[in-house]
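**Student:** Dropping the sequence and predicted coords here.
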Amino acid sequence: AQKVTQAQTEISVVEKEDVTLDCVYETRDTTYYLFWYKQPPSGELVFLIRRNSFDEQNEISGRYSWNFQKSTSSFNFTITASQVVDSAVYFCALTFSGGYNKLIFGAGTRLAVHP
Amino acid sequence: EAGVAQSPRYKIIEKRQSVAFWCNPISGHATLYWYQQILGQGPKLLIQFQNNGVVDDSQLPKDRFSAERLKGVDSTLKIQPAKLEDSAVYLCASSLGGAVDTQYFGPGTRLTVL
């Protein structure tokens, strides 16, 4: 069975703090893909990143970075020097080869960044 | 490039009434998805179309929910009759149509059933 767990329901930080959002996944497939989406108050899910199971290189994009570790089945997301505009719900999601691109989402982590 | 369009953005109905949602995907995207997002949860796939054919509707409550994508572009999702537990945000997404493609989401329709 495929499953995504985001154990942190809510995180509250003060602006400029670094914050890490955890994501743990379960799958028996050897070929799979992991995603992070951001859902601001407007409601639209905004695509942030996609990784495949064969590429464990960490990725950095501006203040965002992602740490993919197959050994612990984790795909964690770090925001450096957080800003108020980062306040949103963040979802980790999984799809797998043969899954017809069906996304399985975690429950999300609500991040509140205070000035 | 225009994103995924959805309407209406908000809808309030009484239980047992009917409601329909509309989605227009990104131009050229062959695959269209409808997700249900209950408050405090992640989105759950209801139905997936590849062009105008259904790929996966295993989690669609077929006794009350229906969806169509007649010309392989726009899609409508209908609920008839609605129940209180159908209160949720209904998200439409689209992707190019490959085996594993990034999905792009619309703004969603927030449904409240009273």
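**Tutor:** Noted; the coordinates are in hand.

**Student:** Only C-alpha atoms from now on, for both contacts and neighbour counts.
**Tutor:** Noted.

**Student:** Next, count neighbours for residue 52.
**Tutor:** Picked chain A for this. 17 (other CA atoms under 10 Å in any protein chain shown).

**Student:** wait, I meant chain B there
**Tutor:** 18.

**Student:** and the gap between it and A:Val85?
**Tutor:** B:Asn52 is 38 Å from A:Val85, where distance means CA to CA, to the nearest Å.

**Student:** try A:Asp22
**Tutor:** A:Asp22 is 20 Å from A:Val85, by CA to CA.

**Student:** what about the two, which has more around it?
**Tutor:** A:Asp22 (18 against 11).

**Student:** can you pull the contacts of that one?
**Tutor:** For A:Asp22, the contact set (CA atoms under 8 Å, 6 or more residues apart in numbering or on different chains) comprises A:6-8, A:74-77.

**Student:** buried set for the least confident helix or strand in chain A by mean pLDDT?
**Tutor:** When the helices and strands of chain A are scored by mean pLDDT, DSSP states H and E, strand A:59-61 comes last with a mean of 88. Residues of strand A:59-61 include none that count as buried (16 or more other CA atoms under 10 Å in any protein chain shown).

**Student:** cool, and stretch A:94-107?
**Tutor:** Neighbour counts using 16+ other CA under 10 Å place A:94-96, A:100-107 of stretch A:94-107 among the buried residues.

**Student:** Likewise for stretch A:13-20?
**Tutor:** Quick answer for stretch A:13-20 (16+ other CA under 10 Å): A:13, A:15, A:19-20.

**Student:** of all the residues you listed, which two lie farthest apart?
**Tutor:** Largest separation among the buried residues of stretch A:13-20 by CA to CA: A:Glu15 and A:Thr20, giving 13.8 Å.

**Student:** Chain B: which of the contacts of A:Asp22 is nearest?
**Tutor:** Each of the contacts of A:Asp22 was checked against chain B using CA to the nearest CA; the closest is A:Gln6, at 10.1 Å.

**Student:** For A:Tyr92, list each beta-bridge partner.
**Tutor:** Just so we're on the same page, residue A:92 is Cys rather than Tyr. A:Trp36 (DSSP bridges).

**Student:** any low-confidence regions in the chain?
**Tutor:** The chain I'm using is chain A. Low-confidence segments of chain A, defined by pLDDT under 70: none present.

**Student:** actually chain B
**Tutor:** B:1.

**Student:** Now A:Asp86. Its backbone dihedrals?
**Tutor:** phi -80, psi -10 (degrees, to the nearest 10).

**Student:** Name the nearest residue to it, sequence neighbours excluded.
**Tutor:** Nearest non-adjacent residue to A:Asp86, counting by CA to CA, 6 or more residues apart in numbering or on different chains: A:Val113, 6.7 Å away.

**Student:** contacting residues for the one you found?
**Tutor:** Counting by CA under 8 Å, 6+ apart, A:Val113 touches A:12-15, A:82-87.

**Student:** Show me which residues of chain A are close to chain B?
**Tutor:** Residues of chain A lying near chain B by CA under 8 Å from any CA of the partner chain: A:42-47, A:50, A:91, A:95-98, A:100-108.

**Student:** Show me the beta-bridge partners of residue 109.
**Tutor:** In the absence of a named chain, this looks at chain A. A:Tyr90.

**Student:** hmm, I had chain B in mind actually
**Tutor:** Going by DSSP bridges, B:Thr109 forms beta bridges with B:Tyr90.
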